[in-house]
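**Student:** Predicted model and sequence below, questions to follow.
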Amino acid sequence: MGRPLRIALIVVAALVVVAIAALAAVPYVVDTPRIQALVASTATQALGRPVKFASVSVSVLPLPAVVLESLEVAEDPAFGKGAFVTVDEAQVRLKLWPLLLLRVELGTFVLEKPRISLVQAADGRWNVSTLGGHGAEAGTPPAKPSRGGGGAPSGAGAAALLGSRVKIEDGVVTYEARGAAAPTRYRVEDVDLTLTGGAGGLAFTGNLRVEPGALAVKIADGLLGVNGARNVMEAPVRGKIALDGKNLGALAAVAMGPEPGLSGSLKGALALGGTAGKPKASGDVEVTGFGVTRTSPQCPEPRRRTLALGPVKSNVAWEEPRFTARPVSTTLEGGTITANVTAIVDRGVRAEVTDIAIKGAPVEKVLVDFLCQGYAVTGPLDLTGNASVRTSDLWNSLGGNGQLRIGPGKIVGAQALALLNGVVRVGGAVSAILGGELPAGGLGSGLEYESIAGTYTITNGVLSTRDLKLTSRVLNATVAGTYALASGSVNADVGVSARGTQLSARVTGPASNPSIRVNPAATLRDVDPGKVEKGLQDLLRKFR
């Protein structure tokens, strides 16, 4: 064995002996009452809230640490009397090298399984907005620093006092937005977060899971610029966020309610910005297996139907309370759908959808299979327009306008067929108008057409049109009037023409059983009006 190696081994052995001796002496070197007072006063001063714990002990292995039992940070009294943070056990690890020199310096501050309560009041204030205030009383505003530079330490200063790093392991955060009839509540679980103090602020990285919805969130390159900020909520923040959610429906239901339901898996990559109190995020997201589910009373069993779409892709941005997606693109059975979406999330969701462009989407997937509309048709849909809606009252709040063209296709809705049959099949009208081209049984199970085209306006869930026109080999029809989407109430003028003969009628009342008044003076001059109206009502009953 060479001499240098022997010297090295002796030095290592000596250091090991010193380290063992230092570890053995930790309980005697560490003044636990002094450490308890230091930690309590430092945390209270840094947070601006009373901080207390039941007891302090010293642990030697696996690393020297001061163990705090039953740690609790008080809540802002304006938000209640409970605790803001509770931790069964916290560790303040001691820096090993200073300890070898018989000097105590605090290292990493570890919170194991903390329970944190985040609350947002109806006026938008957060219970964390008073963190970092001056003094020990919760809820007291931060005092101005003295001329000598004193005052509450910044977040980075607090991290330096409590240790170079703060680690949260397996934490749980509950979030509640108060003020609405049904407060919004989320639960964030499996929170693993590391905060490191430095000259630029608090750097942070970590992982967490949002429930309901099992949305996994990974945070990287995070930085909270607490230096110079009046409080934590005003501190600028930046970072990168990766999203991976398997149950979009459960996540959306908290904000939107159970109807309509959403489903799908979400992945996204976002850039974080703004401040801690008003964060911003933007980036790209994609939802696969996306579906919209609602219960339609008019549908045969099953009444709960799902409209399935192709992958939904969008560039999104969030700045409370506004969410934007520009553009959103997806497919429906070979057809394409694009739009720009803006949603205001405030006691429900108000959405505006602009620049809607639908090309070649099979309309029967929506009207027949999903909504079971009595006036349903089939065929490829081309549509441009815009819409707005409040999800809490979907059909009564819907508004918008646009223009559409459907076809070639077929009228299959029972109520639409009954209406056309009722208009043209009275008092022998089929023979007089159509020259016997229609089968004796009327329009039967459907009427083929070349196109349905026109413009429309929707106001408070009531659709109105002045120029809707149906063109077919058998007949042409025009519609001008209104249709209430929620109740199915109709108030429209219907015109039918074939072989140069004109027929007009006024249709009012519920779509399932409308009242039809034909104007024979302008059309069927040889037919008794009373007979026409009675014949219409008799025929309509056969189609219900």
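**Tutor:** Noted; the coordinates are in hand.

**Student:** sec struct for residue 249, please.
**Tutor:** With DSSP: H, G, I helix; E, B strand; the rest coil as the basis, residue 249 sits in helix.

**Student:** That one touches residue 261, doesn't it?
**Tutor:** Yes - with contact defined as C-beta atoms under 8 Å, residue 249 reaches residue 261; the gap is 5.4 Å. All C-beta atoms are positioned from the backbone trio N, CA, C, and that covers glycine.

**Student:** Return every residue with contacts to both of those two.
**Tutor:** Common neighbours of residue 249 and residue 261, using C-beta atoms under 8 Å, 6 or more residues apart in numbering, are residue 293.

**Student:** buried sites along the helix or strand encompassing residue 117?
**Tutor:** Using DSSP states H and E, residue 117 sits in strand 115-120. By neighbour count with 16 or more other C-beta atoms under 10 Å, strand 115-120 contains the buried residues 116-120.

**Student:** ok, so of those, who is nearest residue 389?
**Tutor:** residue 120 (24.7 Å; C-beta to C-beta).

**Student:** Name the residues linked to the nearest residue to the closest one once chain neighbours are set aside by a beta bridge.
**Tutor:** Excluding the flanking residues, the one nearest residue 120 by C-beta to C-beta, 6 or more residues apart in numbering is residue 177, at 4.7 Å. Beta-bridge pairing of residue 177 under DSSP bridges involves residue 120, residue 184.

**Student:** what's the neighbour count on residue 177?
**Tutor:** Here the number of neighbours of residue 177 (other C-beta atoms under 10 Å) works out to 21.

**Student:** And for residue 297?
**Tutor:** 6.

**Student:** tell me the phi and psi of it?
**Tutor:** phi -60, psi -30 (degrees, to the nearest 10).

**Student:** Equivalent analysis for residue 415, please.
**Tutor:** Dihedral angles (degrees, to the nearest 10) for residue 415: phi -70, psi -40.

**Student:** if I read this right, it contacts residue 377, doesn't it?
**Tutor:** No - between residue 415 and residue 377 there is no contact under C-beta under 8 Å: 11.6 Å.

**Student:** tilt between the one helix or strand residue 72 maps to and strand 115-120?
**Tutor:** Assigned by DSSP H and E, residue 72 falls within strand 65-74. Using axes from the mean of the first three to the mean of the last three C-alpha atoms, to 10 degrees, the direction of strand 65-74 lies 30 degrees away from that of strand 115-120.

**Student:** elements contacting strand 65-74?
**Tutor:** helix 32-47, strand 51-52, strand 55-59, strand 83-94, strand 106-112 (3 or more C-beta pairs under 8 Å, 6 or more residues apart in numbering; DSSP states H and E).

**Student:** In a markdown table: the ones you listed, plus distance to residue 399.
**Tutor:** Shown next, in a markdown table, are these (distance: least, C-beta to C-beta, whole Å):
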| stretch | distance to residue 399 |
| --- | --- |
| helix 32-47 | 48 |
| strand 51-52 | 52 |
| strand 55-59 | 62 |
| strand 83-94 | 43 |
| strand 106-112 | 49 |
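
**Student:** Tell me which of those sits nearest to residue 353.
**Tutor:** Per C-beta to C-beta, nearest to residue 353 of the helices and strands packed on strand 65-74: strand 83-94, 39.7 Å.

**Student:** May I have the closest one as CSV, with CA atoms only?
**Tutor:** The C-alpha coordinates for strand 83-94 follow below in CSV (Å, rounded to 0.1, in the frame of the first residue of the first chain):
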residue,chain,number,x,y,z
ALA,A,83,-56.4,26.1,9.9
PHE,A,84,-54.8,27.1,6.6
VAL,A,85,-52.2,24.4,6.8
THR,A,86,-51.9,21.4,9.1
VAL,A,87,-49.0,18.9,9.1
ASP,A,88,-48.8,15.9,11.4
GLU,A,89,-45.0,16.0,11.2
ALA,A,90,-42.5,18.4,9.7
GLN,A,91,-38.7,18.1,9.6
VAL,A,92,-36.1,20.9,9.5
ARG,A,93,-33.0,19.1,8.3
LEU,A,94,-29.7,20.4,9.6
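
**Student:** ok so, going back, residue 342 is nearest to which of the helices and strands packed on strand 65-74?
**Tutor:** strand 83-94 (34.1 Å).

**Student:** The closest one - what's its average pLDDT?
**Tutor:** The pLDDT scores in strand 83-94 average 81.

**Student:** now for it, which elements pack on it?
**Tutor:** Against strand 83-94 (3+ C-beta pairs under 8 Å, 6+ apart) you get strand 65-74, strand 106-112, strand 115-120.

**Student:** and it with strand 106-112, angle?
**Tutor:** Using the same axes, to 10 degrees: strand 83-94 against strand 106-112 is 140 degrees.

**Student:** I'd like to know how many residues surround the closest residue to residue 333 other than its chain neighbours.
**Tutor:** Using C-beta to C-beta, 6+ apart and skipping the chain neighbours, the partner closest in space to residue 333 is residue 362 (4.9 Å). Using other C-beta under 10 Å, residue 362 has 19 neighbouring residues.

**Student:** gap between residue 362 and residue 291?
**Tutor:** According to C-beta to C-beta, to the nearest Å, residue 362 stands 16 Å off from residue 291.

**Student:** can you check residue 370 too?
**Tutor:** Using C-beta to C-beta, we find residue 370 at a distance of 10 Å from residue 291.

**Student:** quick revisit: who touches the residue nearest to residue 333 in this structure?
**Tutor:** Applying C-beta under 8 Å, 6+ apart, the residues contacting residue 362 are 332-335, 378-381.

**Student:** and with 7 Å instead?
**Tutor:** 332-333, 335, 380 (C-beta atoms under 7 Å, 6 or more residues apart in numbering).

**Student:** tell me the pLDDT at it?
**Tutor:** So residue 362 comes in at 96 (pLDDT).

**Student:** about what we covered before: turn the helices and strands packed on strand 83-94 into CSV, including distance to residue 466 and mean pLDDT.
**Tutor:** Compiled in CSV, the helices and strands packed on strand 83-94 are given as follows (distance: least, C-beta to C-beta, whole Å; pLDDT from 0 to 100):
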stretch, distance to residue 466, mean pLDDT
strand 65-74, 64, 81
strand 106-112, 66, 79
strand 115-120, 46, 84
